[in-house]
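Peer 1: model this:
(chains A, B and C)
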Amino acid sequence: MPELPEVETTRRGIEPHVKNHCVEAVEIYCKKLRYPIPQNLAAKLVGTSFVEVARRGKYLLLISSAGTLMIHLGMSGNLLLVDVGAAINKHDHLDISLENGLCLRYHDPRRFGMVLWVSTELWRHRLLKTLGPEPLPKLSVKQFSNRQAIDVKSAQHFTRDTFSAEYLYQKSRGRRISVKQFIMDSHIVVGVGNIYASEALFMAGIHPGRAAGRVAQARYQCLVEAIKKVLSDAVQSGGTTLRDFYHGKDRQPGYFQQKLNVYGRQNLPCSVCQHPIKLLRQGQRSSFYCSVCQH
DNA sequence: AATCGCGCCTGACGGC
DNA sequence: TGCCGTCAGGCGCGAT
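Peer 2: Numbering: from 1, shown residues only, chains lettered A, B, ... in the order given. Next up is the predicted model:
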């Protein structure tokens, strides 16, 4: 289940092997992901190069002069670098062969992911334009080493640094949904998935079931800091496994490297007060929390 | 406008 | 051994 740190780790992993290498061939093995893979991808991509490997929320953006390949990994998606001509395995859906002898391969058992082609300015795209701010905007700024790859308005949209306690506080006034569902809403803030939402709320001492509109601004300050800490720690642990992205298929998602304080730990003792961690069902999602430390 | 719940999909796992 | 039900979950979308 890729969360933002896993997507960022993937972005960093593929970037040096993909950026500025000409596309030689595109092969589609399965059309039906969440949306169909555009059939004319080869016509768009062959002979061009990706000049930037960027990310907006959990969307990976491979930007070429002709347009942008937008990839979401969904629940079980994965991008691998294999040698051109490597055998196809089950659930491999797309191959993009490059002139350097490597092939970028999209693999996704559950097919919740998406591979889309965007030829308009990115900030106009319906799936991107409504997204909330990045929790770690500094990562976004670093992405755009090639300023010409992206139009000014999209770059501004991607790098706006508006994620703050005041922002969450304002956005949440009058909202009755739980604070956990609120921070997991990508239109509020991108990249906070189920695991890190539980972890950040624990760190901030906020009960996941509390109404978003009934969280004080000072507590949102704690939450903002917790979200940034949890995500940047996970990006860091992802980064430590990055050395070998190409050959290293044994790389682990960041949350396997990281100590999880509550997620998946129901009935186990809280790391702070030793009381058993509780499980709460919100929507169709599991939340884990400590009823003593969080309120 | 906000909220709720559905559907997409496969693999893992438990019970019989 | 195999079959069947359940769960996991990001996200868009339609209904309310």
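Peer 1: show me what contacts residue A:111?
Peer 2: Neighbour list for residue A:111: A:30, A:32-34, A:74, A:91, A:93 [criterion: Cβ atoms under 8 Å, 6 or more residues apart in numbering]. For every residue, glycine as well, the C-beta is placed using N, CA and C.
Peer 1: filter those residues down to the ones near DNA strand B?
Peer 2: Restricting the contacts of residue A:111 to those touching DNA strand B (Cβ under 7 Å from any atom of the strand) yields A:32, A:34, A:91.
Peer 1: residues of the stretch 1-150 of chain A that sit close to DNA strand B?
Peer 2: With Cβ under 7 Å from any atom of the strand as the criterion, the stretch 1-150 of chain A meets DNA strand B at residues A:32, A:34, A:75, A:90-91, A:109-112.
Peer 1: buried subset of the residues you listed as a PyMOL selection?
Peer 2: Only the buried entries of these go into this PyMOL selection, using 16 or more other Cβ atoms under 10 Å:
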select buried, chain A and resi 91+111
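Peer 1: inside helices: which ones of the residues of the stretch 1-150 of chain A next to DNA strand B?
Peer 2: Secondary structure assignment by DSSP state H places none of these in helices.
Peer 1: which one of the residues of the stretch 1-150 of chain A next to DNA strand B is nearest to residue A:128?
Peer 2: Among those, residue A:34 lies closest to residue A:128 (Cβ to Cβ), at 15.5 Å.
Peer 1: the residue nearest to the closest one when sequence neighbours are not counted and DNA strand B, how far apart?
Peer 2: Once flanking residues are discounted, residue A:34 sits nearest to residue A:114: 4.5 Å by Cβ to Cβ, 6 or more residues apart in numbering. Taking Cβ to the nearest atom of the strand, to the nearest Å as the measure, residue A:114 falls 10 Å from DNA strand B.
Peer 1: quick one, what contacts whichever residue of the stretch 151-295 of chain A sits closest to DNA strand B?
Peer 2: Across the stretch 151-295 of chain A, no residue is closer to DNA strand B than residue A:176, which sits at 3.5 Å (Cβ to the nearest atom of the strand). By Cβ under 8 Å, 6+ apart, residue A:176 lies in contact with A:211-213.
Peer 1: let me know the closest of those to DNA strand C.
Peer 2: Of the contacts of residue A:176, the one sitting nearest to DNA strand C (Cβ to the nearest atom of the strand) turns out to be residue A:212, at 16.4 Å.
Peer 1: the closest one against residue A:169, yeah?
Peer 2: No: applying Cβ atoms under 8 Å, one finds residue A:212 not in contact with residue A:169, separated by 9.7 Å.
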